[in-house]
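>>> Next come a sequence and a model predicted from it.
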Amino acid sequence: MRPKQWVKNVLVLAAPVAAGRLFEPAVLVATLWAFVGFSLVSASIYLINDSRDIEADRLHPTKRFRPIAAGELTSNVAYVLAAITAAAAFALGFWVAPMLGVTLAVYWVLQVLYSLFLKHQPIIDLFMVAAGFLLRAVAGGVASGLALSQWFLLVASFGSLFMVAGKRYSELSELGHEAGTRASLERYTPSYLREVWSVSIAVVIMSYSLWAFEQQGGSAWGVPWAAISIAPFTLAVLRYAMKIDQGLAGEPEEVVLGDRILQVLAVVWVIPLAIAVFA
């Protein structure tokens, strides 16, 4: 179920934070339920994916240690657990808010299609994985019925594509075009993936900056805190881009959890952002 990768699900906080309503009790509770729902539904997908990729994972330098590939867990048990976690996620989602249930269901269907055959289609596989990140970011909003701004959707969409293209670039740097590890990698080149994540990072920084400059209400004590947050945000994104360029971003959650400078930049970014949004 890869609990370590559940850190990705903190993206459900994005919409409530951007709206400045995270700490409203009803919004906070709904957002936490959205986190639980995505943890359950993503666990279901991981179980299905690992059950289908046993042979390919056994050829991978790190994935071969996963329980199913290592023979510690049978595929039949994994499929039963996948069904249970998916059912629990859908039940929770529709109980919290119908649109959250729909979001979880769409995520599950897209990721199952990805696991079955779309993961082997270059370009499409980038957008399918990026859609998973985007749906996480949207979930926090739909769970509480919050409106999602155009800038939020642009940052979330291209930020997701940036991370996924960077992940593929790092995988290609680490594995090359070794057969059996990931079929779509055979049809990518480092220059193409670099182009994708370079364009994505430019759109993310520009979209975030335009949003920040529009936050006239975020000038507490006469200081344009939202505009100030652009600098640490840009530095953090460029720091992550450096990790991609070094071929070290194959697992985004490991980059975030293992890079102290990136964590410091994130804190320095969150402080002015929080003042701009909540003050």
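Right, received. Where do you want to start?
>>> Could you give me the buried positions within stretch 148-160?
148, 151-160 (16 or more other C-beta atoms under 10 Å). Heads up, the C-betas are built off the backbone N, CA and C, glycines and all.
>>> How are the strands of this structure distributed by residue range?
Per DSSP state E, the chain carries no strands over any range.
>>> Find the least confident helix or strand in this structure, judged by mean pLDDT.
Every helix and strand in the chain was compared by mean pLDDT, DSSP states H and E; the lowest is helix 54-58, with a mean of 77.
>>> just how off-centre is that helix within its chain?
24 Å (C-alpha atoms, centre = their mean, to the nearest Å).
>>> Of all the residues in that helix, which ones are buried?
So helix 54-58, judged by 16+ other C-beta under 10 Å, has buried residues 54, 56-58.
>>> do the same with stretch 4-21
5-6, 8-9, 11-21.
>>> Check stretch 79-91 too.
Of the residues in stretch 79-91, those buried (16+ other C-beta under 10 Å) are 81-82, 85-86, 88-90.
>>> same check, this time on stretch 264-279
Quick answer for stretch 264-279 (16+ other C-beta under 10 Å): 265-266, 268-269, 272-273, 275-277.
>>> Let's have those in JSON lines, adding pLDDT and distance to Trp197.
Shown next, in JSON lines, are the buried residues of stretch 264-279 (pLDDT from 0 to 100; distance: C-beta to C-beta, whole Å):
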{"residue": "Leu265", "pLDDT": "95", "distance to Trp197": "18"}
{"residue": "Ala266", "pLDDT": "93", "distance to Trp197": "19"}
{"residue": "Val268", "pLDDT": "95", "distance to Trp197": "23"}
{"residue": "Trp269", "pLDDT": "95", "distance to Trp197": "20"}
{"residue": "Pro272", "pLDDT": "91", "distance to Trp197": "26"}
{"residue": "Leu273", "pLDDT": "90", "distance to Trp197": "23"}
{"residue": "Ile275", "pLDDT": "87", "distance to Trp197": "30"}
{"residue": "Ala276", "pLDDT": "86", "distance to Trp197": "27"}
{"residue": "Val277", "pLDDT": "84", "distance to Trp197": "27"}
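>>> Closest one of the residues you listed to His120?
Of all those, His120 sits closest to Ala266, with 34.2 Å by C-beta to C-beta.
>>> Go ahead and confirm the closest one touches Ala236.
Yes: under the contact definition of C-beta atoms under 8 Å, Ala266 touches Ala236, with a separation of 5.7 Å.
>>> can you pull the contacts of Val102?
Taking C-beta atoms under 8 Å, 6 or more residues apart in numbering, we find Val102 in contact with 93, 142.
>>> Name the nearest residue to Ser115, sequence neighbours excluded.
Sequence neighbours aside, Asn49 is the residue nearest to Ser115 in space, at 4.6 Å (criterion: C-beta to C-beta, 6 or more residues apart in numbering).
>>> Read off the pLDDT value for that neighbour.
On the pLDDT scale, Asn49 is placed at 86.
>>> ok, and for the longest helix along the chain, which residues are buried?
For the chain, the helix that runs over the most residues, judged by DSSP state H, is helix 25-52. Counting neighbours by 16+ other C-beta under 10 Å, one finds that the buried residues in helix 25-52 are 27, 30-31, 33-52.
>>> likewise stretch 164-172?
Applying 16+ other C-beta under 10 Å to stretch 164-172 flags 164-172 as buried.
>>> Can you lay out the residues you listed as JSON lines showing distance to Leu110 and pLDDT?
Output for the buried residues of stretch 164-172, formatted as JSON lines (distance: C-beta to C-beta, whole Å; pLDDT from 0 to 100):
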{"residue": "Val164", "distance to Leu110": "13", "pLDDT": "90"}
{"residue": "Ala165", "distance to Leu110": "18", "pLDDT": "91"}
{"residue": "Gly166", "distance to Leu110": "20", "pLDDT": "89"}
{"residue": "Lys167", "distance to Leu110": "17", "pLDDT": "86"}
{"residue": "Arg168", "distance to Leu110": "18", "pLDDT": "86"}
{"residue": "Tyr169", "distance to Leu110": "22", "pLDDT": "88"}
{"residue": "Ser170", "distance to Leu110": "23", "pLDDT": "85"}
{"residue": "Glu171", "distance to Leu110": "20", "pLDDT": "81"}
{"residue": "Leu172", "distance to Leu110": "23", "pLDDT": "82"}
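>>> could I get these as TSV with distance to Trp211?
Formatted as TSV, those follow (distance: C-beta to C-beta, whole Å):
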residue	distance to Trp211
Val164	22
Ala165	22
Gly166	22
Lys167	25
Arg168	27
Tyr169	27
Ser170	28
Glu171	31
Leu172	32
